[in-house]
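Undergrad: next input, structure requested:
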Amino acid sequence: LSAQESRNGPKLGIDIGTQTAGQFLAWSGLPKLGFIAGWSFEAPLTQQVSLLIEPMYIGKGSVIVNSVQKTRSSTTLNYLELPLLLKVSTNPDPQGLYLCGGLLYGYFLHGTTKDYQNGELKAQYRYSPSTNTNRSQWSAALGLGQEVGPWLVELRGQSSLNTFDLLVRSHNVVYSLQATWRFPTQVEKQKRRAAKTELED
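TA: Just a heads-up that it's a prediction; the model follows:
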């Protein structure tokens, strides 16, 4: 019964991002570090399949270095994102390995690009899309995780399917390590209370 109960809890993670010409999960250039913070909701569909709904903040971007000209360009992109993923456990038990995949809707908040030469900041561009610019970004994701007690620990890769600006041809690719802690279910709470009562008796 506990495997069929909905669960939820906070999620934190770190990620590295880059921008490519559009190849799915392809990597280009140096990694741009970012972080993830959000909340995970898990709704069981069957004994081994559930739906993950995870509203979160996520940092994306890219780093481009030209060693000949000694230049470095760092782009930071901040998004609110809503992943809708299917989580498939590799065995009927609630613990163990799982795979996940699905679509993510992202809403662009703001970003910056900083250009350096010889380690010195030469230019900085801050941008936030106007009401005439499409802030939306759809991405596809694949993940491999481990369920251990109340924890979900997952490696996830995601690649955007479109960008917030039609003139920008590059796509965001992000690889992340995420950890989620879930609150105990009602069945788990009842088991703990029963075990505590037996010990007291």
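
Undergrad: low-confidence stretches in this structure?
TA: 1-4, 22, 129-133, 163-169, 190-201 (pLDDT under 70).

Undergrad: quick one: the strands in it?
TA: Along the chain, counting by DSSP state E, strands occupy 7-20, 32-44, 49-53, 56-66, 71-89, 96-117, 120-127, 136-148, 151-160, 171-181.

Undergrad: report the contact partners of Val142.
TA: I think there's a mix-up here, since residue 142 is Leu and not Val. Leu142 sits next to 25, 99-101, 156-158 when contact means Cβ atoms under 8 Å, 6 or more residues apart in numbering. The C-beta positions use only the backbone N, C-alpha and C, and glycine is treated the same way.

Undergrad: nearest to Gly9, out of those residues: which one, please.
TA: Cys100 (16.0 Å; Cβ to Cβ).

Undergrad: so who does the closest one touch?
TA: By Cβ under 8 Å, 6+ apart, Cys100 lies in contact with 52, 85-88, 141-145, 154, 156.

Undergrad: give me the buried entries from these.
TA: 52, 85, 87, 141-143, 145, 154, 156 (16 or more other Cβ atoms under 10 Å).

Undergrad: among these, which pair sits farthest apart?
TA: Taking Cβ to Cβ as the measure, the buried ones among the contacts of Cys100 span a maximum distance of 12.8 Å, between Leu52 and Leu142.

Undergrad: list the buried residues in stretch 42-60.
TA: Neighbour-count burial for stretch 42-60, counted by 16+ other Cβ under 10 Å, picks out 42, 44, 48, 50-52, 54, 56, 58-60.

Undergrad: meant to ask about stretch 69-86, not that
TA: Buried residues in stretch 69-86, counted by 16+ other Cβ under 10 Å: 72-79, 81, 83, 85.

Undergrad: which of the contacts of Leu142 has the most neighbours?
TA: The most crowded member of those, judged by other Cβ atoms under 10 Å, is Gln158 (28 neighbours).

Undergrad: any figure for the gap between it and Leu30?
TA: 19 Å (Cβ to Cβ, to the nearest Å).

Undergrad: hang on, the earlier thing: could you dump the strands of the chain into TSV and include distance to Lys189?
TA: TSV is the format used below for those (distance: least, Cβ to Cβ, whole Å):
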stretch	distance to Lys189
strand 7-20	12
strand 32-44	17
strand 49-53	20
strand 56-66	27
strand 71-89	22
strand 96-117	22
strand 120-127	48
strand 136-148	19
strand 151-160	17
strand 171-181	16
